[in-house]
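Trainee: sequence unavailable; structure follows:
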């Protein structure tokens, strides 16, 4: 059974699989659960026509666009934004403060480090690990090798 926490919102015609948590509290919000005030959790936003398969966690303040598909066992941390028509493979972990554009494909078992920026129409191979030195605030930008004029 899916779990919706805090002020989370799920768009129309969105499928949420079993054992999915939407709006899992970020570190600074964990006290609200312990104190019995789950409504103080900011929550996450999921767009329309998304498919969120089993055993996923979407942290509070994360935002998914429309038509996002997440396979099994995924984790998307707080302050992360994912654009429309993006596919997230099985076992993908997207850390905090990440921006992912539209029509991005992230293959299975990939890790995206904090503060990473991924532009539109990028495809990332499976088992890729993006690391930022000491989790700095300098964003790593990945751009599609296909020119936009093609």
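Mentor: Okay, I see it. As the structure is a computational prediction, the values presented were derived from the model and not from experiment.
Trainee: grab the nearest non-local neighbour of residue 88.
Mentor: Distances taken as Cβ to Cβ, 6 or more residues apart in numbering place residue 70 nearest to residue 88, at 4.3 Å, with adjacent residues excluded. Where C-beta positions appear, they are placed from N, C-alpha and C, glycine not excepted.
Trainee: quick check: bridge partners of that neighbour?
Mentor: residue 52, residue 88 (DSSP bridges).
Trainee: thinking it is in contact with residue 56, fair?
Mentor: Yes: using Cβ atoms under 8 Å, residue 70 makes contact with residue 56 at a distance of 5.6 Å.
Trainee: residues contacting residue 99?
Mentor: Going by Cβ atoms under 8 Å, 6 or more residues apart in numbering, residue 99 touches 80-81, 116-118, 139.
Trainee: scan these and report the most crowded one.
Mentor: residue 118 (25 neighbours; other Cβ atoms under 10 Å).
Trainee: does it touch residue 102 like I think?
Mentor: No: look at residue 118 against residue 102 with Cβ under 8 Å: they stay out of range, at 10.3 Å.
Trainee: please report how far residue 130 lies from residue 76.
Mentor: From residue 130 across to residue 76, the span is 14 Å (Cβ to Cβ, to the nearest Å).
Trainee: these two - which one has more neighbours?
Mentor: Neighbour count, other Cβ under 10 Å: between residue 130 and residue 76, residue 76 has more, with 29 against 17.
Trainee: quick check: phi and psi on the more buried one?
Mentor: When read as degrees, to the nearest 10, the backbone of residue 76 gives phi -130, psi 120.
Trainee: quick one: it and residue 37, what's the gap?
Mentor: 24 Å.
Trainee: where does residue 27 fall, phi/psi-wise?
Mentor: Torsion angles, degrees, to the nearest 10, at residue 27: phi -50, psi -50.
Trainee: residues near it, how many?
Mentor: 10.
Trainee: for residue 52, same thing?
Mentor: Residue 52, neighbours per other Cβ under 10 Å, totals 24.
Trainee: shouldn't it be in contact with residue 17?
Mentor: Yes: between residue 52 and residue 17 there is a contact under Cβ under 8 Å: 6.0 Å.
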